[in-house]
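1. Can you look at this prediction? I've put the sequence above it.
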Amino acid sequence: MSTVLAGYGLVKKYGSTTALAGVDVEVRGRDSLAIMGPSGSGKSTLLHTLAGIIRPDGGQVLLRGERLDNLGENRLSALRRKRFGFVFQFGQLLPELPAEENVALPLMLEGMARRQAVVRARRWFAPLGLDGLEQRRPGQLSGGQAQRVAIARALAVEPDVVFADEPTGALDQRTSTEVIQLLTSATRDTGAALVMVTHDADVAAHCDRVLQVRDGRISNYSQFTVA
């Protein structure tokens, strides 16, 4: 698989604090990468920089060879909506919308008609074990179900890369395992790359590669063979 997303020489400073100190990272299609490290190590800054949410002070971010770090804000926002999916720790679903409309929302924001977007969104419910929950609102879902809906929402746009920030941090161990297995298998099956920040070594072990970040630098790298 060719490189889908890459960061080269990434530097980010907040005043006198260096969050990233010249980090290099490459992510291939169907690749799952876990970023780990202690609090304040720079792991979340690295994820947000690769996702185009934070602009680096130095270095480059490239998506399939196109630089992201020097794009205008409007073009960068449009690119994030169309080519990136996001899964957050608490799902960030809209409480007033049923599950199927939460999944369809990114498609509707891109101009797709509601009916068409909902039909496309429903395709994800069976593969993610959500059959019958299409009309439930987030408050009627368990934590694990809500995260599955968030995964469906991230995948609905058929992204190049899914970014996940502590996607199992609010779940119990059993549900955490179920969710991370679904997340890694679903991204791999669709051809999307996965970049995930996690503090949980058991969760990270489900990924193909693990980067340990400390003091804004990659301190360790591990690669696993995932069936």
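-> Sure, I can see it.

2. In this structure, where is pLDDT below threshold?
-> Applying pLDDT under 70 to the chain picks out residues 1, 91, 223-227.

3. Apply 80 and report the result again.
-> For the chain, applying pLDDT under 80 flags the ranges 1, 89-91, 220-227.

4. Across the sheet, point out what pairs with the residue lying closest to D69 once chain neighbours are set aside.
-> Excluding its sequence neighbours, the residue lying closest to D69 (Cβ to Cβ, 6 or more residues apart in numbering) is V61, at 4.7 Å. Backbone N, C-alpha and C define where each C-beta goes, glycine included. Beta-bridge partners of V61, counted by DSSP bridges, are G7.

5. Also R28?
-> Note on R28: beta-bridge partners by DSSP bridges are T3.

6. Give me the number of neighbouring residues for it.
-> 16 (other Cβ atoms under 10 Å).

7. same thing with A146?
-> Here the number of neighbours of A146 (other Cβ under 10 Å) works out to 24.

8. picking that back up, doesn't V11 make contact with the residue nearest to D69?
-> No: contact status for V61 versus V11: not in contact, 11.7 Å apart, counting by Cβ atoms under 8 Å.

9. mind listing the strands for the protein?
-> Using DSSP state E, the strands of the chain run over 3-14, 17-28, 32-36, 58-63, 66-67, 84-87, 161-165, 193-197, 209-214, 217-223.

10. Work out which residue lies at the spatial centre of the protein.
-> Centroid-nearest residue in the chain: F163, 1.4 Å away (criterion: Cα atoms, centre = their mean).

11. Without its sequence neighbours, what residue ends up closest to that one?
-> Counting by Cβ to Cβ, 6+ apart, A51 is the residue found nearest to F163 once chain neighbours are left out, at 4.8 Å.

12. Kindly tell me how buried A113 is, as a neighbour count.
-> The number of residues packed near A113 is 10, by other Cβ under 10 Å.

13. Show the contacting residues for T198.
-> For T198, the contacting residues are A34, I35, M36, A164, E166, P167, T168, G169, A204, by Cβ atoms under 8 Å, 6 or more residues apart in numbering.

14. Return the distance of it relative to S185.
-> Here T198 is placed at a distance of 16 Å from S185 (Cβ to Cβ, to the nearest Å).

15. One more: I218?
-> Separation of I218 from S185 (Cβ to Cβ) stands at 26 Å.

16. So these two - more neighbours on which side?
-> Neighbours per residue, other Cβ under 10 Å: of I218 and S185, the larger number sits with I218, 18 against 15.

17. so the more buried one sits right up against G22, yeah?
-> No: the pair I218 / G22 is not scored as a contact, 9.6 Å apart, by Cβ under 8 Å.
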